[in-house]
Structure formats: C-alpha cells, structure tokens
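Visitor: No letters, just coordinates:
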C-alpha cells in the first residue's frame with residue numbers, strides 16, 4: 001500500500017519518463033504499486049498538467065514539459081545522496097554486459113539468420129551478469145528488483161524459440177527492457193550518456 005504520496009508520485013513520473021509512453025498496468029509493474037494506485041496518481045498528475053493521456057488508435061500516458069520539471073524536483077526531494085551513491089557501483093558493473101549485449105543483438109539481427117543457438121550461449125552469460133547488476137541495484141533502490149521478472153520472461157521466451165523476444169521493438173522484448181534499465185540508471189543517477197554507454 002502507498003505510504004508516501006510524494007515518493008509514489010515520483011515513482012510513477014520516473015517510470016513514465018523512462019518508459020516514454022505507456023499505460024497504467026506497465027507502470028504498476030515498474031513501481032510495485034497496484035494498478036488502482038497508479039491510476040489514482042495518474043489522474044491527479046493529468047489534472048495538475050504533469051501528464052497527458054492520449055486516446056485513439058494508441059492509448060497511453062506521457063510526461064508533459066511541466067511533468068519533466070516536476071520529476072526533476074521530486075528526484076531532488078525524494079532520493080538521498082546515500083541512495084545515489086549506493087547505486088553507482090551497479091551502473092559501473094552494468095557497462096561491461098551492456099557492451100556485450102549490444103554485440104549479441106547486432107549479431108542476432110545481422111548474422112544469426114534466425115538461429116537462436118548462435119547467440120543463446122552469449123545471451124545466457126549476459127543474463128547471469130545482469131542478475132548480479134540488478135541484485136546490486138535493488139539493494140540501493142528496491143524498485144530495480146522489478147526488472148528481473150521482465151528480463152526472465154523475455155529470456156525464457158527466447159530460449160524456448162520465440163525469436164521476437166530478444167529484440168522486437170515495443171513488445172517488452174529483452175532489448176526493450178534493457179534500454180529501459182539503461183535509461184533508468186542514467187536518469188536516476190543524473191548522468192549524461194557518454195561514450196562508455198555505447
């Protein structure tokens with residue numbers, strides 16, 4: 001249950017910033033809040049002008065410019081220096097598997113020709129390394145633990161023959177979740193993307 005209104009608002013705005021455009025249920029998965037709690041916070045954020053809800057062929061929420069400013073303020077108010085410092089080692093340990101994962105996805109798209117076995121051993125190593133990163137990150141901030149089930153689902157699906165589960169866009173593929181985690185680490189720490197992130 002919610003216990004800190006400002007912290008919960010930050011969690012939702014932050015997840016929305018990281019995801020970009022999404023519905024309430026994925027935000028629930030990213031934050032650990034119930035869908036009802038998420039919807040309540042989103043309704044207030046829409047009313048305050050921090051979030052826009054689009055309907056039509058594609059439905060979802062996204063931050064407004066005021067919402068990005070609100071997110072920055074809440075980040076400064078909610079996160080402690082100790083939490084940010086504790087997260088830094090997880091980010092540093094993320095960089096090595098990040099480079100390898102990009103190589104794996106490139107080979108999957110350009111070389112493997114649909115042969116999952118060609119990249120699965122390397123992805124398995126990356127997945128194991130990532131689990132260590134998430135353990136470290138979640139010890140600093142609990143919400144990073146919510147990434148593990150999403151990575152596990154995508155990894156299991158790919159391992160069992162679903163080629164789209166590795167890198168198909170907008171499907172919560174392994175690559176989708178990876179990009180989200182990378183952005184989350186950078187945004188939470190207040191880092192600009194540099195050459196070492198490539």
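Guide: Great, that's in hand. Note that the structure is predicted; figures quoted are calculated from it, not measured.
Visitor: Quick one: the strands in the chain, in order.
Guide: With DSSP state E, the ranges of strands along the chain come out as 51-54, 60-63.
Visitor: Tell me the gap between the longest helix belonging to the chain and the middle of its chain.
Guide: In the chain, assigned by DSSP state H, the helix with the most residues is helix 81-110. Relative to its chain's centre, helix 81-110 lies at 12 Å (C-alpha atoms, centre = their mean, to the nearest Å).
Visitor: go on, stretch 162-180?
Guide: So, by C-alpha atoms, centre = their mean, the centroid of stretch 162-180 is 12 Å from its chain's centroid.
Visitor: what comes into contact with it?
Guide: 18-19, 26, 98, 101, 105, 108-109, 114, 116, 119, 123, 147, 150-151, 153-155, 157-158 (C-beta atoms under 8 Å, 6 or more residues apart in numbering). The way it works is simple: take the backbone N, C-alpha and C, and place the C-beta from them, glycine included.
Visitor: Could you check stretch 113-124 and say which residues are buried?
Guide: 116, 119-120, 123 (16 or more other C-beta atoms under 10 Å).
Visitor: What is the burial count for residue 192?
Guide: 6 (other C-beta atoms under 10 Å).
Visitor: rewinding a little: next, format the strands of the chain as a markdown table and append mean neighbour count.
Guide: Shown next, in a markdown table, are the strands of the chain (neighbours: other C-beta atoms under 10 Å):
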| stretch | mean neighbour count |
| --- | --- |
| strand 51-54 | 16 |
| strand 60-63 | 19 |
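Visitor: CSV for these, including distance to residue 94?
Guide: Listed next are these as CSV, based on distance: least, C-beta to C-beta, whole Å:
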stretch, distance to residue 94
strand 51-54, 28
strand 60-63, 24
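Visitor: which one of these lies closest to residue 186?
Guide: When the strands of the chain are compared by C-beta to C-beta, strand 60-63 sits nearest residue 186, at 16.1 Å.
Visitor: rewinding a little: between the buried residues of stretch 113-124, which is nearest residue 13?
Guide: residue 123 (32.2 Å).
Visitor: What residue, apart from its backbone neighbours, is nearest the closest one spatially?
Guide: residue 104 (5.4 Å; C-beta to C-beta, 6 or more residues apart in numbering).
Visitor: The one you found: how many residues sit nearby?
Guide: 24.
Visitor: That one and residue 175, how far apart?
Guide: 10 Å (C-beta to C-beta, to the nearest Å).
Visitor: Please apply the same query to residue 181.
Guide: Counting by C-beta to C-beta, the gap from residue 181 to residue 175 is 11 Å.
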